[in-house]
Every structure is written in C-alpha cells, then in structure tokens.
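In: Quick one: sequence and predicted model below, then my questions.
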Amino acid sequence: MRQAGRYLPEYRSLRERAGSFLNLCFTPEMATEATLQPIRRFGFDAAILFSDILVVPHALGRTVTFEAGEGPRLAPLDDAAKLNALATDADDAVFAPVYEAVRRVKRALPANVALLGFCGAPWTVATYMVAGRGTPDQAPARLMAYRERDAFARMIDILVAVSSRYLVEQVRAGADAVQIFDTWAGVLPPFEFARWCVEPVRQIIANVRGEVPDAKIIGFPRGAGASLASYVQQVPVNAVTIDWAAEPEFVRERVQSKVAVQGNLDPLVLLAGGAALDRAIDEILENFGQGPFIFNLGHGILPETPIAHVEQTLRRIRNR
Ligand code: CP3
C-alpha cells in the first residue's frame, strides 16, 4: 500500500536517486525496480505496481507534489467554480510510462507471482483534490459534497471515466487483477457512502468489464464497517480488502460468503512484532482461513517496520 517500500533500504536509495516521487512513478525502469524489490527480498505471492493514486489528478492537469515527511500536496479545488473548471479528460500520454512499467514487471516476474494494478476510488481521489492534502476526516470534501452537489458529482463522473480507462489499460498491459483503493470510505454516513463510494465504483467495474469481461477486481472500502455487507451486494468485486477493525464473524457471514477476502493485519502489530504479532497472525488465519482468503495487512505498512517482523510473518503463515 501507499507507504510500502519506505521500510526497505533498497527503496530509500532508489527514491533518493529518483529525486521527485512522481519521477519515480513515471520512469518505467525505476517503477519496475521499486515493484520488484519486495518480491526479490521476501518472495511474496503477488506484487503491487509501484505508482500512486494521485497520478490521476496529475493527468487531469492538477499540480501534485510529495514533500518528504509531509504527504501529498495538491492545488485545492475549494469552490464550485474551481470544480466546474476541472478538465473533463486526462492527458493519456501521462499514463504511458505506467503501462510500460506494468509490461516490464510482468515480464520480470515468475509466472506464479501475480501482478496487481490499481487506482484510487473516485471518492478518495476527490477528497485529496478538494482539500489539497490528507486531513483527519476529509471534512473539506464531505462539506463540498453537501454544499455543491452538482459540481461535486461532475468531478466524480470525470474520475470514473478516467479511472476506468486507466484500469483497462493496466489490465491490457499485464496486470492480473486491479485494486480500487477507497481509503476514505469510512468517513461517510450510509447514504453518502452509497452515492459516492458504491455507485462510482460500480460504474468503473461495469466500464472495465465492458472492455475486458473477465477482469479481476478487488475493492477496498476502508473503514466501511457494517456497510461492507451492502458493498459486496452492490459492487461486483471479485474480492474485498478489509481493514484491521473489521468484525470477523460479520465478515465471514456477510462478506466472505460472497467474495474472497483480503487482509487484515493491523500495521501497528507488524511494527510491534514478538508474541503479539504471532497471536494476531494466528487469529486472522483462524478467522478467515477456511474461505477464499488472501493474507495481507489491513492498511499500508509503516516506514518504521523492522524487516525482521515481515520475515517473522511469512514464516508463521507458511509453516502452518
Ligand atoms: O505499496 C506500494 O508502494 C504500491 C504503490 C502505492 C503507493 N501509493 C506508493 C506511495 C499505492 C498502492 C499507493 C496508494 C495510495 N496513495 C493510497 C491508497 C491506499 C492507502 O494507503 O490508503 C493513498 C490514499 C495514496 C495517497 C498518498 N501517497 C499518501 C497519503 C501518501 C503519503 C503517505 C505518508 O504517510 O506520508 C503518499 C505517498 C506514497 N505513495 C509513498 C509511496 C511509496 C511514500 C512517498 C515516498 O516514498 O516518499
């Protein structure tokens, strides 16, 4: 997930060599290398393309920068006039190096290692575009969605169209599955969740499967809680990622009975390590190991995470 790599010395040195974060994303040779680093070191079953969800606003002509230690910064879209002036289409040339990285990674990976492409869900991308940054509960976008419903809906429609094309091309370039990250799904009341998370992601999936009928798609409505049940009923994903706070019995009965589940180790227990980590891993395997399941974190790995704890996790899972 987003912070992946920063716990690895080989990533930090590549990142330094790249200069800007976007340069790393848009230089196929370097994005390929960043994608392959964790596979070489740990032998995971799947790789996730090195990129970021904010390349989409960048391709829409928004200014996007990543300041060291500060997270992303965008020129905010903080009134209806600015929202209505947003470009209706992305510059496809911006994405060409991403597709090239997908092709290169696919060629380099062993046949039994899956490659995941991804994009941000329209709601989550919109929260960064409106506020210009991450905020504790993305209040600026929530307010905008109430106050300027039509202008906000226009932006979401644009993101649906661009993200659909972006995912189709990732699949055509060799991604085995694509994940749609809705990191800020959990800050919305149910009615707003249905309108801004469920509906746009449904549309993206319909668009993608219109082009590639058997495209494999994973949804991640982080923090959705009990709304996960309506999510998997209404959004035709092949799998859903659950965060670490998801309630196991509920997930088994209402989610895993319908689609595969991916997750959901607390990134903080991976940081803590020791017996707490072993216990958390065992709990997850007991909770979800009987159904279709992909072991993963419940959100991104923290940069301070010791490499030894990642190794401990793999041993624990694989030696069962
Ligand atoms: O795991 C990977 O490295 C795959 C690539 C990936 C990145 N971002 C690289 C990245 C993926 C899948 C993402 C997704 C992403 N980006 C999300 C959705 C998933 C999630 O984690 O919630 C979001 C919300 C973003 C936006 C974003 N990008 C934020 C908020 C940040 C700052 C993170 C922080 O804690 O400072 C980024 C930066 C970013 N994206 C980094 C990486 C490796 C770190 C930047 C760096 O190396 O300097």
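Out: Okay, I see it.
In: Quick check: chain neighbours aside, which residue is closest to the residue in the chain that the ligand sits nearest to?
Out: Minimum separation of the chain from the ligand (C-beta to the nearest ligand atom) falls at residue 4, amounting to 2.8 Å. (C-beta placed from N, C-alpha, C; glycine too.) Take residue 4 and drop its neighbours on the chain: the residue closest to it by C-beta to C-beta, 6 or more residues apart in numbering is residue 301, 5.5 Å away.
In: Look at residue 88 and tell me its secondary structure.
Out: Secondary structure, DSSP: H, G, I helix; E, B strand; the rest coil: residue 88 is coil.
In: quick one, what contacts it?
Out: Applying C-beta atoms under 8 Å, 6 or more residues apart in numbering, one finds that residue 88 lies in contact with residue 158.
In: Please repeat the previous calculation with a cut-off of 10 Å.
Out: Under the criterion of C-beta atoms under 10 Å, 6 or more residues apart in numbering, the neighbours of residue 88 are 60, 154, 157, 158, 161, 162.
In: can you check residue 154 too?
Out: By C-beta under 10 Å, 6+ apart, the contact list for residue 154 reads 80, 83, 84, 86, 88, 148.
In: try residue 306
Out: Listed by C-beta under 10 Å, 6+ apart, the contact set of residue 306 reads 7, 270, 271, 272, 273, 312.
In: distance of the last one from residue 6?
Out: Translated: residue 312. Here the criterion is C-beta to C-beta, to the nearest Å. By it, residue 312 lies 19 Å from residue 6.
In: Could you tell me which residues of this structure lie near the ligand?
Out: Within the chain, the positions near the ligand by C-beta under 6 Å from any ligand atom are 1-6, 15, 21, 48, 50-54, 66, 71-72, 118, 120, 124, 134, 181, 183, 300.
In: returning to what we had before: report the secondary structure element holding the residue nearest to residue 4.
Out: In this structure, residue 301 is located outside every helix and strand according to DSSP states H and E.
In: Residue 41 contacts residue 311, correct?
Out: Yes. Judged on C-beta atoms under 10 Å, residue 41 makes contact with residue 311 at a distance of 9.1 Å.
In: list the contacts for the residue lying closest to residue 84 once chain neighbours are set aside?
Out: Spatial nearest neighbour of residue 84, chain neighbours left out: residue 151 (5.3 Å); criterion: C-beta to C-beta, 6+ apart. Counting by C-beta under 10 Å, 6+ apart, residue 151 touches 77, 79, 80, 81, 82, 83, 84, 85, 86, 144, 145.
In: Of those, just the buried ones, ChimeraX syntax please.
Out: Selecting in ChimeraX just the buried members of the contacts of residue 151, where the criterion is 16 or more other C-beta atoms under 10 Å, is done with this command:
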select :77,80,83,86,144,145
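In: Can you pick out the most distant pair from the contacts of residue 151?
Out: Set against one another by C-beta to C-beta, those have their most distant pair in 85 and 145, with a gap of 17.9 Å.
In: hmm, back to that, can you give me every residue that contacts the residue of the chain closest to the ligand?
Out: 11, 34, 35, 37, 38, 48, 50, 297, 300, 301, 303, 305.
In: Repeat that for residue 123.
Out: Residue 123 is in contact with 138, 141-142, 145, 152, 156, 159, 182-185, 187-188, 192-193, 195-201, 221, counting by C-beta under 10 Å, 6+ apart.
In: Of all the residues in the helix or strand bottoming out on mean pLDDT in the chain, which ones are buried?
Out: Using mean pLDDT, DSSP states H and E, strand 64-67 stands out as the lowest-scoring helix or strand of the chain, at a mean of 92. Along strand 64-67, these residues count as buried under the neighbour rule (16+ other C-beta under 10 Å): 64, 66.
In: Please pull up the helix or strand immediately following it.
Out: As assigned by DSSP H and E, the chain's next helix or strand after strand 64-67 is strand 71-74.
In: which residues are contacting that next one?
Out: 2-3, 21, 52-54, 57-58, 62-67, 125, 128-134.
In: between the contacts of residue 154, which is closest to residue 254?
Out: residue 148 (34.2 Å).
In: Got phi/psi on that closest one?
Out: As for residue 148, its main-chain torsions (degrees, to the nearest 10) stand at phi -130, psi 60.
In: my read: it touches residue 140, true?
Out: No. In this structure, residue 148 sits apart from residue 140 without contact. The criterion is C-beta under 10 Å, and the distance is 11.4 Å.
In: Overlap of the contact sets of these two?
Out: Residues within reach of residue 148 and of residue 140 at once, by C-beta under 10 Å, 6+ apart, are residue 130.
In: Appreciated, that's everything.
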